[in-house]
Each structure stands twice: as C-alpha cells, then as structure tokens.
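S.K.: Output the structure for:
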Amino acid sequence: MTPDISFSGLLLVALAAFAAPLVLGLLPRVALPAVVLEILAGIALGPSGLGWVELDVAIEVLALIGLAFLLFLAGLEIDLGRLRGSTLRVAAASFAASLGVGLAVGGALWAAGLVRSPLLIAIILLSTSLGVVVPALTDAGRSGSQFGQLVIAASSIADFGAIILLTLFFSREATGTAAKLVLLGGFALMAVAAVLALRRAERSTRLAQLLVRLQDTTAQIRVRGAFLLLLAFAAVAERLGIETILGAFAAGAVLSLVDRDEAMTHPDFRLKLSAVGFGVFIPVFFVASGLEFDLAALFASASTAVLIPLFLAALLAVRGLPAVLYRRTLSAREVVAAALLQATSLPFIVAGAQIGMELGLIARGVGSALIAAGLLSVVLFPLAALGMLGRLPPPSPRVA
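M.R.: Numbers count the residues shown, from 1 in each chain. Next up, the predicted model:
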C-alpha cells in the first residue's frame, strides 16, 4: 500500500534550506556556516520549537539521501595521492594519538556517570569535517601548503578511521566483531575491484568519447553514473550489514581515485555533484537533524546542559592535542590553527549521535549536547583558525 505522503512539511524544510544561506548572504559580517542556521531552523520548526513540522516519510527519505550524499562528497575530497611519505606517517600518528585521547576522555566521562558507552563517545569525537576544513584552508590560501596538506591528510584519515570504527563496533546490525571484520574485508575487496574495473573502462576511447558527448546534455551521464555508484555502494554496505555511511564514503573515495582527468575533459563534473548535493539533499538532512533535536531533553537537567561545553572541550582535546606532533614541521601558530581546524566536526557527530540514540547507548539529552557542541565547533574553531592564519607569514612550499 502506498504511504500517505504530504509535501507540506517538506515545503517548510525547503524554505528553511533556501533562507539560511540567503540570510547569511545579506549579513556578510556574520561569519556563520549555513549548516548552523539550517539546524537551528529545524529546531525552530520542529517539535522542540513551533511544532509546525514533524519528520515524515518524504523528509526522512530525502534526509537519508542527504546524509549519503554528504559522506559521498567527503570521500570525494580525499586525495589518496597526498597520503604518502612523512605526511602520511605524521597524520597516522596524529589519528592514533586522537584515539588514545578519545578513549581516555570517554573513560573519564563514563566514570563520572555522564555517558553510557565510553568507546562510542571516543569514536564520535574522532572525526573532522572535511567539508568545512577544506574551504577554510582554500579561503586562507593554504590548501596547497605544507600546513594545509598536513591538516587535510590528518582530517581525511580521521574521517575514514572514525567511520570504520563506528561500523565495526556500533553497526545497527547485531553481528559479532569478527564477522564485521570479515564483511569489511569483503567490502574493501569490492571497492578495489570497482576501482580496477572503472579504470579499465576509462581506458576505452569509444566510451570516453561517449561520456564527453553526453556529459553536458540532458543525459548528464557522469552525474547519473556518480549517483549510481553512490547507491550501489550504499546498497551493498546495507546488504552486508555495514553502516550505509561507510558505503557512501567509500563510493566518493573510489570516484576520487578513478576521476583523474577532470580538468581536461569534464571540469564542471564535481561542481555539478556539489550542486546536486548541497543544492537539494544535504540541506534537508541538516534541517531534519534540527527537527529531531530534543531541546527539552538537553535542558532537562543542569548536568545535561553542562555537557555542551564539556563535549566542546573534549572535541578540542581529542582532535586538537595531537596537533603537537606537527611542531617539527610547522610554526607554533600553525600548530594551534591546525588543532582548531581538526577539532571542527559536525556531520559525523550528528550521524554518530543518531546511531547511538537508536541503539540506546546515548540518552537523547547527551545526543543533543553532542550535536550542540558540534555546532559550536563549526562556528568557533574555523573562525579562530582563519584569524590566526591571516596573521601568518606566506605559506610554506607545497609538499612534493
């Protein structure tokens, strides 16, 4: 039986998604990411605010696609060619240090009776928002510098590692850890096979000519192919009992590996993908996250409200402290700026908190506090880092 779908709630969600960047555009002095306003608009429209919109089927489906697209574009940001040599070693050491600090922070919060699962909290605090960090570095003219390459590499490893750990230990499928490792291994082999198959197909002159001919027509064949790849990886991940966010992220990473000649034959391809993702689906995910935000649970007790600055400090400790490993190659100011940028996280916090609440491992108030801390990190940390980067000397030469 066809579900009764209403578009009235989705209309208000779309209106909020449209208004958020428009308002910021009219107020250029307000250095606030649109995602923050989108979540706040969802809170205002949802049950915690005016009660005008509830999460229905139409919103839920588009929000799920939005989350998948967000992780897909994050995977697309990863340039595995940059992850080599000393940059890879330092970035990997930084992630290992983050995991150690995260486990210590999670254990301390659990011992204080503030959280139920120290490991889940540690994993949620591990990630960095590439979608916020990369534009911040680009705006500062530092994306190609040694500083920028190190931050991007560390953030990429943090994103990938956090998603793997969340899938391994807290997948919504009730399978054992050993079974999940086998499934993850099979999934990794599938990703490698996909890369090899796509690269082989890419060498076909006839296929390449056909793609060029169809890419800017109504067929938009490359965009359709990317969406097919995203859905294929998400569907396989779901079938294997792996988190679909891993499938979406892996699809983006696979496309990043395969798509090497975009500047020559299809310079607008990634711009089109960003337009589809950030223009349609991703804002729905963030507004819907605001609809689910439990404001009453957040301020139900003083101890829960205190968690917001506590989680913000924990985020800075888990992702920021390991930046001291960069002090041999970066200046003191660059190390502090790197710490702030690496501590910027929101999309993964939202996804991880939602999974934790569904599994009963995170109370709704704690989940809301985590998301609120993520919101503050996106507002405060990049702004402070950009302020420091603006006072730095000219960027260091690009890493070879």
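
S.K.: you'd agree D56 is up against S6?
M.R.: Yes: if you go by Cβ atoms under 8 Å, D56 and S6 touch, sitting 6.3 Å apart. Any C-beta I mention is one placed from the backbone N, CA and C, and that applies to glycine too.

S.K.: More neighbours: which of those two?
M.R.: A direct count of neighbours by other Cβ atoms under 10 Å for D56 and S6 places D56 higher, at 18 against 12.

S.K.: excluding its backbone neighbours, what's nearest the more buried one?
M.R.: G9 (5.4 Å; Cβ to Cβ, 6 or more residues apart in numbering).

S.K.: Relative to F69, how far out is that neighbour?
M.R.: Distance of G9 to F69, computed by Cβ to Cβ, to the nearest Å: 20 Å.

S.K.: What does E243 show for phi and psi?
M.R.: phi -60, psi 130 (degrees, to the nearest 10).

S.K.: Give me the spatial nearest neighbour of it, chain neighbours excluded.
M.R.: Closest to E243 by Cβ to Cβ, 6+ apart is T167, at 4.4 Å.

S.K.: how much space between the one you found and R116?
M.R.: For T167, the distance to R116 (Cβ to Cβ) stands at 20 Å.

S.K.: likewise I164?
M.R.: For I164 relative to R116 (Cβ to Cβ), the value is 22 Å.

S.K.: So which of G9 and F69 has more stuff around it?
M.R.: F69 (25 against 21).

S.K.: how about that one, what does it touch?
M.R.: Listed by Cβ atoms under 8 Å, 6 or more residues apart in numbering, the contact partners of F69 are L230, A248, V276, G277, F281, I282.

S.K.: go again using 7 Å as the cut-off
M.R.: Residues in contact with F69 (Cβ atoms under 7 Å, 6 or more residues apart in numbering) are G277, F281, I282.

S.K.: which SS class is the second one?
M.R.: Put plainly, it is F281. helix (DSSP: H, G, I helix; E, B strand; the rest coil).

S.K.: and if you look at S345?
M.R.: coil.

S.K.: How confident was the prediction at it?
M.R.: S345 carries a pLDDT value of 88.

S.K.: quick revisit: is it true that the residue nearest to D56 touches I59?
M.R.: Yes: using Cβ atoms under 7 Å, G9 is in contact with I59, at 5.8 Å.

S.K.: what about the residue lying closest to L321 once chain neighbours are set aside, helix or strand, and which?
M.R.: Spatially, and ignoring its direct neighbours in sequence, L321 is nearest to V101 (5.7 Å; Cβ to Cβ, 6+ apart). Element membership for V101 (DSSP states H and E) is helix 85-111.
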